[in-house]
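Chemist: Sequence below, structure please.
(chains A and B)
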Amino acid sequence: MSPIVKLLAQRIALSLLLLLLISIVIFAGTIVLPGDVAQSILGQSATPEALANLRAELGVNDPPVQRYFAWLFGAMQGDLGTALTSGQDIAQALSSRFWNTLFLAFWAAVVAVPLAIFLGLLAVRFKDRWPDKMISAVTLASISIPEFLIGYVLMYFIAVKLRWFPSVAMVNDNMGLFEKLNAIALPIAVLTLVVLAHMMRMTRAAILNVMQSAYIETAELKGLNAFQVIYRHAFPNAIAPIVNVVMLNLAYLVVGVVVIEVVFVYPGMGQYLVDHVSKRDVPVVQACGLIFAAVYIGLNMIADIVAILSNPRLRHPK
Amino acid sequence: MKNIPISALIGLFFTALYFLGAIFAPLLAPYGVGEVVGDVWEPSSADYLLGTDNIGRDLLSRMIYGGRTTIFIATAATVLSFTLGSVLGFFAAVMGGWIDQALSRFVDLVMSIPTLIFALVVLSVAPVTIPMLILVMGLLDATRVYRLARAVAVDIEVMDYVEAARLRGEKTAWIIFREILPNALSPLIAEMGLRFIFAVLFVSTLSFLGLGVQPPEADWGGIVKENKEGIVYGIPAALIPAFAIATLAISVNLVADWVLNRTTSLKGGRG
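Modeler: Numbers count the residues shown, from 1 in each chain, chains lettered A, B, ... in the order given. Model (predicted):
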């Protein structure tokens, strides 16, 4: 077996192990904590009978290990249980919301990734001059404001004052692609701003790091022009760190949508999660937590896999 | 004190201003925190400098008291995460071996779950009170501090003076607090600024989602939540906390940048 296949297999196995451990943490996190779930759902005034009934329904009386495995095997077969508050099937309620969330995150990525890489290159090209300084000032500002506030600032000025785009992002299945994109224009803009700063800074650092290495100096000294230096020598070496940055930020994006969905009343998974945290609907929270964690780990894994694949030392073993 | 750059001075000034505002909130606020004094969403006037909020409370007073809550929670969570994270990080670096492995792998595990998602899962069961918020935020953030503290301490741990202290027969606690801590302080303090901002943003986000500070207590995230309906009618009350959070965060950032630059320039880094 070539070393690269072995490395990839190891990395994938690690992710699966991680996911398993996380499912334990998420499950344990909701049992070990102080506070009786039944009590917090029904409130202080609940009768002992109602509490006992709910406990039986939740299966709180079974040993935790047994409950964990029942939950885990159910989740693997796509059965996420039923919501306590509405009695709805969670998997069914989540499926359309999951695609909505991915739709939003996908289009945000389509806008943010090329823009961040372009601005990162611009910052390198004009290092320490005004474009670079201006870009870093804007990024400092944008990481200093929480995303929900960026959301409201944009909503106030662009949707309410200028009336360019709708202030709430309502989408449904009957809308065409263009209508949908128009509806989610503002959330996309906010998410782009949120990840742009970080992605750009890291792109800038990755390229600067490569540009300072000895082989770039050699390439310059042997008389290659700037384009050839970047294309032949800098780019192949910078691709791994850049892809890494992009993937890390996509993972961040998937989590960032949670808050943005609440701001723009977007029917996605994040809004569903937040809704049910305040209703203390534990099965829904566990299911959403598991899915978000899985997406997050999956994107991190892809980042590592691309890094392995793009490393020439691993692709061409001696 | 002469060599402080102007940006860091501005940062220090505003950071101090916010902290003083938080400490002396009852003296500064013109009205009580829950006192209904006027009409709903009155514009700013001589009586109400920032106008009134969604049920007619003075917005300036609520901002001042809210800043107090936000800054208090963020500070407490930062102190908790720093004490726990740095002590455990140093401990792991000094002990090495399986203790280091066990702690580091556990931290990796916790860090592989997005912080917000983890906090939401915990808060769906735990009672949402201020001590609980501080505990959850502090513990989750301690993993980040642990990483940094361990990385810094591993470099220091191989220094001759640590070796000398070992040979002298000093105990682990001495090595951690008397040898490593003083030498690791600068990067840790810079990190502390960033962690503090993160805590401010985090507690604001939780309150905005209705899962942080509970009414009638005020905090910056909660003020946004209470006044968000006004946005659609063109009432900018919900944007005022944005300004406060952003200026506080930028000020602390400027100070942290300066502390960090000072330490790297001491080491004589290239470029």
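Chemist: Quick one: residues contacting residue 23.
Modeler: Picking chain A for this. The contact partners of A:S23, taken as Cβ atoms under 8 Å, 6 or more residues apart in numbering or on different chains, are A:72, A:75, A:290. For glycine as for every other residue, the C-beta is placed from the backbone atoms N, C-alpha and C.
Chemist: other chain: chain B
Modeler: B:R68.
Chemist: Check what pLDDT it gets.
Modeler: Looking at B:I23, its pLDDT reads 82.
Chemist: got it, and A:P166?
Modeler: pLDDT, the model's per-residue confidence, is 68 for A:P166.
Chemist: do the same with B:L88
Modeler: 90.
Chemist: Now the phi/psi pair for it, please.
Modeler: As for B:L88, its main-chain torsions (degrees, to the nearest 10) stand at phi -70, psi -40.
Chemist: can you pull the contacts of it?
Modeler: By Cβ under 8 Å, 6+ apart, the neighbours of B:L88 are B:103, B:142, B:146, B:149.
Chemist: now do B:L248
Modeler: B:L248 makes contacts with B:14-15, B:18, B:71, B:197, B:200, as judged by Cβ under 8 Å, 6+ apart.
Chemist: Name the helix or strand for it, please.
Modeler: helix B:240-267 (DSSP states H and E).
Chemist: So which bits of that helix are buried?
Modeler: Buried residues in helix B:240-267, counted by 16 or more other Cβ atoms under 10 Å in any protein chain shown: B:240-242, B:244-260, B:263.
Chemist: gap between A:I158 and B:V94?
Modeler: 54 Å (Cβ to Cβ, to the nearest Å).
Chemist: quick one: pLDDT of B:L254?
Modeler: Listed pLDDT for B:L254 reads 82.
Chemist: Would you confirm that it contacts B:F13?
Modeler: No. At 9.9 Å, B:L254 does not count as touching B:F13 under the criterion of Cβ atoms under 8 Å.
Chemist: Tell me which other helices or strands the helix or strand hosting A:A50 touches.
Modeler: Element membership of A:A50 [criterion: DSSP H and E] is helix A:48-58. The contact analysis (3 or more Cβ pairs under 8 Å, 6 or more residues apart in numbering or on different chains; DSSP states H and E) places helix A:48-58 against helix A:37-42.
Chemist: any idea of the mean pLDDT for the helix it packs on?
Modeler: For helix A:37-42, the per-residue pLDDT averages 64.
Chemist: cool, stretch B:234-250 as well?
Modeler: 81.
Chemist: and which of the contacts of B:L248 is nearest A:L121?
Modeler: Nearest to A:L121 among those, counting by Cβ to Cβ, is B:I197 at 28.1 Å.
Chemist: give the contact list for the residue nearest to that closest one when sequence neighbours are not counted.
Modeler: Closest residue in space to B:I197, ignoring its immediate chain neighbours: B:A249 at 4.5 Å, by Cβ to Cβ, 6 or more residues apart in numbering or on different chains. Counting by Cβ under 8 Å, 6+ apart, B:A249 touches A:143-145, B:197, B:200-201.
Chemist: again with A:S144
Modeler: The neighbours of A:S144, taking Cβ under 8 Å, 6+ apart as the test, are B:197, B:245-246, B:249-250, B:253.
Chemist: Just give the closest residue to it, not the sequence neighbours.
Modeler: Take A:S144 and drop its neighbours on the chain: the residue closest to it by Cβ to Cβ, 6+ apart is B:A249, 3.5 Å away.
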